[in-house]
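[1] coords please:
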Amino acid sequence: MVLSPSYPQRAPRGTAGRLRAWQQEALDRFFDADQKNFLVAATPGAGKTTYALTVARELRDRGEIDRIVVVCPTEHLKTQWADAASRVSIRLDPDFKNSLPVLSRHYHGAVVTYAQIAVKSEVHRRLVEQARTLVILDEVHHGGDALSWGDAIRDAYAPAKRRLLLSGTPFRSDDAPIPFVEYTPDEKGARTSITDYSYGYDRALADGVVRPVLFHVYTGHMKWRTRMGDELEANLGQDNTKDITSQAWRTALDPRGEWMPAVLKSADQRLTEIRAHIPDAGGLVIATDQTNARAYAAILHEITGQRPTIVLSDESEASRRIEQFSENTTRWMVAVRMVSEGVDVPRLAVGVYATSSSTPLFFAQAIGRFVRARRKGEAASVFLPQVPVLMALAHELEKQRDHVLDRGEKDADGLDDSLLDAAEREEKASDELTEEEFTFEALGSTAHFDSVVFDGQQFGQLAEPGSEEELEFIGLPGLLEPEAVHDLLMQRQARQSRHRRVREAREEKDGVESSLPAPLHRTLKEQRQLLNSLVGVYARQTGDAHGQVHAWLRRSCGGPAVAQATVAQLQSRIDFLRKRLHS
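    Sure thing, here's the model as predicted:
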């Protein structure tokens with residue numbers, strides 16, 4: 001294609017350097033298509049804001065629009081968009097309010113939230129009717145959060161001259177169509193969203209636009225009391241029912257147990273390693289609620305001697321704290337959910353996923369906070385609990401998921417978040433219960449390093465936190481080239497095995513105590529963890545679900561479910577599976 005002289009071959013005025021290859025490609029595609037609605041899906045950290053503002057600047061220079069309206073998910077992002085626009089000589093008002101719906105003459109447009117539009121769509125409709133307007137819908141999936149929201153957005157922006165739709169995360173599957181997104185029937189007749197331009201994580205990683213992400217996975221043994229007074233225990237990652245998994249997961253996240261302090265300490269060790277190479281690298285803990293967030297911050301204060309930044313809500317004070325953290329060099333920030341989407345803190349290098357959210361949408365948003373590359377060789381580390389649905393999402397980082405309507409059943413992405421949400425509501429209401437009634441109570445938890453997941457593969461084996469075996473993966477170099485990560489992890493896996501053999505030989509030499517048989521509960525725990533690790537390897541080789549592999553082993557070897565199986569029954573399945581893996 002021959003470009004007219006008006007096509008920008010560089011970033012717009014006010015920015016430094018040329019556009020990235022994908023941004024220029026998407027820009028060309030936008031003007032070639034010459035359509036009213038244009039949907040761009042690009043991985044977090046790729047530079048969607050710069051791309052969108054380049055489109056806006058070019059349309060203004062061509063005389064095709066007079067006004068620009070940006071719609072974003074949160075109050076904090078309004079300021080972020082306005083600041084970015086000012087760097088390309090576009091003046092956007094981040095304080096435009098429904099109660100004062102007049103745009104000052106010195107502004108080229110406004111930044112608003114989806115919630116503002118839902119409250120009073122007619123105000124925003126008048127704003128775009130008054131001038132030829134480009135509307136930029138950032139993280140456009142929010143328009144499908146509810147039918148009423150979709151109707152309001154559709155009503156407000158129907159008169160717009162052009163609409164640029166942006167998404168950095170996989171769409172969900174539900175019954176609420178996203179405004180201005182085009183749908184076409186798939187082979188089963190279900191309406192599926194059409195993306196005009198896609199730029200995925202794999203390509204962005206190859207281009208050096210984003211960092212490689214290593215998932216440090218931790219398992220452990222959990223014990224809790226149900227609201228009926230029953231005491232239960234289970235291992236994270238074990239072949240459990242959904243409700244047992246959710247309760248074990250919730251127990252792990254309880255700051256009063258041993259699991260969270262151990263994982264936070266390991267995460268801080270990883271941050272120390274990275275800061276030896278990148279002095280301003282920071283860490284983020286994503287918490288489920290404010291109570292846990294404050295408790296995690298207290299644990300980190302004890303570990304580091306430095307008070308973390310705490311962000312608890314989407315308010316002006318929270319925005320100021322995020323901005324300050326982004327600009328300083330302190331170690332940790334602890335936040336409740338709001339930092340999961342759109343918030344730009346490029347120095348984040350270590351994350352702890354300490355929230356009960358398990359949807360692909362939220363997971364992709366959360367991991368997106370850590371992938372932005374600033375310099376060659378940067379890598380990100382995210383610490384995860386060994387929960388099947390999170391493991392599946394980690395193995396399929398940035399898998400493309402279109403928005404699908406008309407499905408006969410709810411999207412089965414894994415763990416039902418409603419179970420965890422119900423548990424949180426139960427905890428908040430516990431103060432109102434009488435002493436005779438029982439509530440959920442976490443009784444104890446222990447942590448073990450399980451593995452590192454990178455590029456869909458797992459490396460390493462069970463290790464005690466603080467051990468030499470764990471340190472092989474916590475102490476990875478702070479700068480890692482993407483192409484070298486796989487080889488390095490293979491080397492560290494072999495070194496971890498050597499450390500283990502040396503330690504076991506030392507223990508055997510120490511005397512009688514180390515040669516005594518381990519307590520039954522420890523033997524069972526280790527066998528269950530080993531079996532689950534082998535099942536994970538076999539499942540990846542065959543493409544079968546973990547549950548299918550466990551069911552096949554029970555049919556082949558006999559015996560009950562893993563939680564009830566004896567030492568001999570578990571060993572039989574381990575031996576059987578090892579033979580299959582090596583055959």
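
[2] from here on, contacts and neighbour counts on C-alpha atoms
    Will do.

[3] And the strands in the stretch 51-200 of the chain, which stretches?
    67-72, 92-93, 109-113, 133-137, 162-167, 183-185, 191-193, 197-199 (DSSP state E, counting those that start in this stretch).

[4] any chance of the ones you listed in TSV, plus mean pLDDT?
    Shown next, in TSV, are those (pLDDT from 0 to 100):
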stretch	mean pLDDT
strand 67-72	96
strand 92-93	96
strand 109-113	95
strand 133-137	97
strand 162-167	94
strand 183-185	81
strand 191-193	77
strand 197-199	92
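
[5] May I see the buried residues of stretch 86-94?
    Neighbour-count burial for stretch 86-94, counted by 16 or more other CA atoms under 10 Å, picks out 87-88, 90-94.

[6] Which helix or strand contains Asp32?
    Counting by DSSP states H and E, the element that carries Asp32 is helix 21-33.

[7] List the neighbouring strands of the helix or strand following that helix plus their orientation.
    Proceeding N to C from helix 21-33, the next assigned helix or strand is strand 37-42, under DSSP H and E. In the sheet, strand 37-42 lines up against strand 162-167 (parallel), strand 197-199 (parallel) (DSSP bridges).

[8] Mean neighbour count, these: which tops it?
    Ranked by mean neighbour count, the strands paired with strand 37-42 are led by strand 162-167 with a mean of 23 (mean count of other CA atoms under 10 Å).

[9] orientation of that strand relative to strand 133-137 in degrees?
    Per axes from the mean of the first three to the mean of the last three CA atoms, to 10 degrees, the angle that strand 162-167 makes with strand 133-137 is 10 degrees.

[10] Not counting strand 162-167 itself, show me its contacts.
    35-42, 48, 52, 133-141 (CA atoms under 8 Å, 6 or more residues apart in numbering).

[11] Is Val71 bridged to anything, and to what?
    The bridge-partner assignment for Val71, based on DSSP bridges, gives Val112, Leu137.

[12] who's in contact with it?
    111-114, 135-138.

[13] mind checking how far the helix holding Asp32 is from the chain centre?
    With CA atoms, centre = their mean, to the nearest Å as the basis, helix 21-33 stands 28 Å off its chain's centre.

[14] in it, what counts as buried?
    In helix 21-33, counting by 16+ other CA under 10 Å, buried: 22-24, 26-28, 30.

[15] and what of stretch 381-398?
    Across stretch 381-398, burial judged by 16+ other CA under 10 Å covers 381-391, 393-395, 397-398.

[16] repeat for stretch 318-326
    For stretch 318-326, by 16+ other CA under 10 Å, it's 318-319, 322-323, 325-326.

[17] on that earlier part again, quick one, which of the contacts of strand 162-167 are buried?
    Using 16+ other CA under 10 Å, the buried members of the contacts of strand 162-167 are 37-42, 48, 52, 133-141.

[18] How about Asp280, nearest residue that isn't a chain neighbour?
    Leaving aside its chain neighbours, Asp280 sits nearest to Thr329 (4.7 Å; criterion: CA to CA, 6 or more residues apart in numbering).

[19] Can you tell me how far Glu469 is from Gln493?
    With distances taken as CA to CA, to the nearest Å, Glu469 is found 9 Å from Gln493.

[20] From Leu384, how far out is Arg154?
    For Arg154 relative to Leu384 (CA to CA), the value is 39 Å.

[21] and if you look at Asp61?
    47 Å.

[22] next one: Asp575
    In terms of CA to CA, Asp575 sits 29 Å off from Leu384.

[23] now do Ala262
    Counting by CA to CA, the gap from Ala262 to Leu384 is 12 Å.

[24] got it, and Ala568?
    In terms of CA to CA, Ala568 sits 31 Å off from Leu384.

[25] where in the stretch 401-550 of the chain is pLDDT low?
    401-439, 507-523 (pLDDT under 70).

[26] And the strands in the stretch 351-500 of the chain?
    Using DSSP E, counting those that start in this stretch, strands in the stretch 351-500 of the chain cover 380-385, 441-445, 448-454, 457-459.

[27] Deepest in the core, which of those strands is it.
    strand 380-385 (a mean of 26).

[28] ok now it, how far from the chain's centre?
    On CA atoms, centre = their mean, the centre of strand 380-385 falls 10 Å from the chain's centre.

[29] What lies in contact with stretch 284-291?
    293, 312, 332-337, 339-340, 348, 350-357.

[30] Give the bridge partners for Gly444, please.
    Lys223.

[31] for Asn37, same thing?
    Arg163.

[32] my guess is it contacts Ile194, does it?
    No: counting by CA atoms under 8 Å, Asn37 stays clear of Ile194, with 11.0 Å between them.

[33] Overlap of the contact sets of these two?
    Counting by CA under 8 Å, 6+ apart, the contacts common to Asn37 and Ile194 are Val181.
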